[in-house]
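> My questions concern the predicted model and sequence given below.
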Amino acid sequence: GIYINLDDLFKVIKEQINLVDRQIQTFSFFDQYQKLTEDLSKDSTEFIWFQLFNYILSTLSRDQQAKQQMIQICKDYYHGNRKEIELIHQFEQNYRSKDALLWYSKRSFIYKLINKALRTKDIHLLYKLRFFIRDLSENLQREHEKILLSNETTLN
């Protein structure tokens with residue numbers, strides 16, 4: 001459906017994740033050699049959750065308001081941390097979409113916040129970081145395509 005209110009969208013996403021989680025809980029894998037049971041439902045649910053999140057993210061607009069909202073969240077979170085605040089200001093002044101992997105690999109404010117939000121599945125924080133996450137996802141897709149082309153060329 002089309003949602004105007006973000007809380008309604010978040011509620012529907014959570015309901016869908018819970019539904020998938022309940023449906024997948026019945027699948028298990030028994031390792032006869034080690035006599036261990038590995039529950040695949042958690043991994044499957046996380047995979048589906050990530051795919052759904054990535055799809056929704058790709059449909060959202062990427063605009064200056066989203067960038068400013070993300071920067072404000074970062075400033076609020078790192079208030080009092082001069083090193084991170086300085087990096088946030090550099091990001092605000094110099095960031096370009098094509099540099100998303102570089103910024104993420106610095107393991108600074110943006111890396112820490114995104115990983116925290118992903119670990120905790122904090123949909124509200126992930127939404128507020130959408131400006132950067134979308135760029136990061138697109139950069140990763142481009143790099144993946146380059147690797148595939150490179151491997152294809154190498155094999156020929």
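Perfect, I can see it now. Residues are numbered from 1 along each chain as shown.

> When you work out contacts or count neighbours from here on, use the C-alpha atoms and nothing else.
Noted.

> ok now do the nearest residue to residue 108 once chain neighbours are set aside, which residues does it touch?
Excluding its sequence neighbours, the residue lying closest to residue 108 (Cα to Cα, 6 or more residues apart in numbering) is residue 84, at 7.0 Å. Contact analysis of residue 84 by Cα atoms under 8 Å, 6 or more residues apart in numbering lists 78, 108, 109.

> out of these, which are inside helices?
The helices, defined by DSSP state H, take in residue 109 from the contacts of residue 84.

> which residues does residue 114 contact?
The neighbours of residue 114, taking Cα under 8 Å, 6+ apart as the test, are 126, 129, 133.

> Could you name the specific helix or strand carrying it?
Assessed by DSSP states H and E, residue 114 sits inside helix 109-120.

> can you give me the offset of that helix from its chain's centre?
How far helix 109-120 lies from its chain's middle: 8 Å, per Cα atoms, centre = their mean, to the nearest Å.

> ditto for stretch 78-90
Distance of stretch 78-90 from the chain centroid (Cα atoms, centre = their mean) equals 22 Å.

> and that stretch, which residues are buried?
By neighbour count on 16 or more other Cα atoms under 10 Å, the buried set for stretch 78-90 is 78, 84, 85, 88.

> how about these in a markdown table, adding distance to residue 15, pLDDT and secondary structure?
Formatted as a markdown table, these follow (distance: Cα to Cα, whole Å; pLDDT from 0 to 100; DSSP: H, G, I helix; E, B strand; the rest coil):
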| residue | distance to residue 15 | pLDDT | secondary structure |
| --- | --- | --- | --- |
| 78 | 32 | 97 | coil |
| 84 | 36 | 96 | helix |
| 85 | 36 | 97 | helix |
| 88 | 35 | 98 | helix |
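
> In JSON lines: the residues you listed, plus distance to residue 97.
Shown next, in JSON lines, are the buried residues of stretch 78-90 (distance: Cα to Cα, whole Å):
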{"residue": "78", "distance to residue 97": "23"}
{"residue": "84", "distance to residue 97": "20"}
{"residue": "85", "distance to residue 97": "20"}
{"residue": "88", "distance to residue 97": "15"}
